[in-house]
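Visitor: sequence first, predicted coordinates after that:
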Amino acid sequence: MELKINQQTKKFNAESLSVQSLLDLEIPNKQNGIAVAINNTVVPKIKWNEFFVQETDEILIISATQGG
């Protein structure tokens, strides 16, 4: 499966991936304080296990930062 994540194309050896599975592969140790949008729609954290990405999806992973 080929996915576009944060403007970069990446390949995964999987037929299907939930948002949670994708995050476990991409950022296994930094999953607090992040938001995920698929095709410009935010996916709530409670739905990460049941929402599956498709090969044509554009995925944006945003990490909260401190500062002002």
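Guide: Done, it's in.
Visitor: all strands for the protein, in order.
Guide: Counting by DSSP state E, the chain has these strands, from start to end: 2-5, 8-11, 17-18, 34-38, 41-43, 52-53, 58-63.
Visitor: in contact with residue 64, which residues?
Guide: Going by CB atoms under 8 Å, 6 or more residues apart in numbering, residue 64 touches 33-35. Every C-beta, even on glycine, is put in place using the N, C-alpha and C of the backbone.
Visitor: please apply the same query to residue 19.
Guide: Listed by CB under 8 Å, 6+ apart, the contact set of residue 19 reads 36, 38, 43, 47-49, 51-53.
Visitor: how about it: what's its closest non-neighbour residue?
Guide: Leaving aside its sequence neighbours, residue 19 sits nearest to residue 48 (CB to CB, 6 or more residues apart in numbering; 4.2 Å).
Visitor: got phi/psi on that neighbour?
Guide: Per-residue torsions, residue 48: phi -60, psi -40 (degrees, to the nearest 10).
Visitor: can you get me a residue count around residue 61?
Guide: 17 (other CB atoms under 10 Å).
Visitor: before we move on, what about residue 29?
Guide: Residue 29 has 6 neighbours, counted by other CB under 10 Å.
Visitor: in the chain, where is pLDDT below threshold?
Guide: Within the chain, the segments meeting pLDDT under 70 span 67-68.
Visitor: no further questions, thank you.
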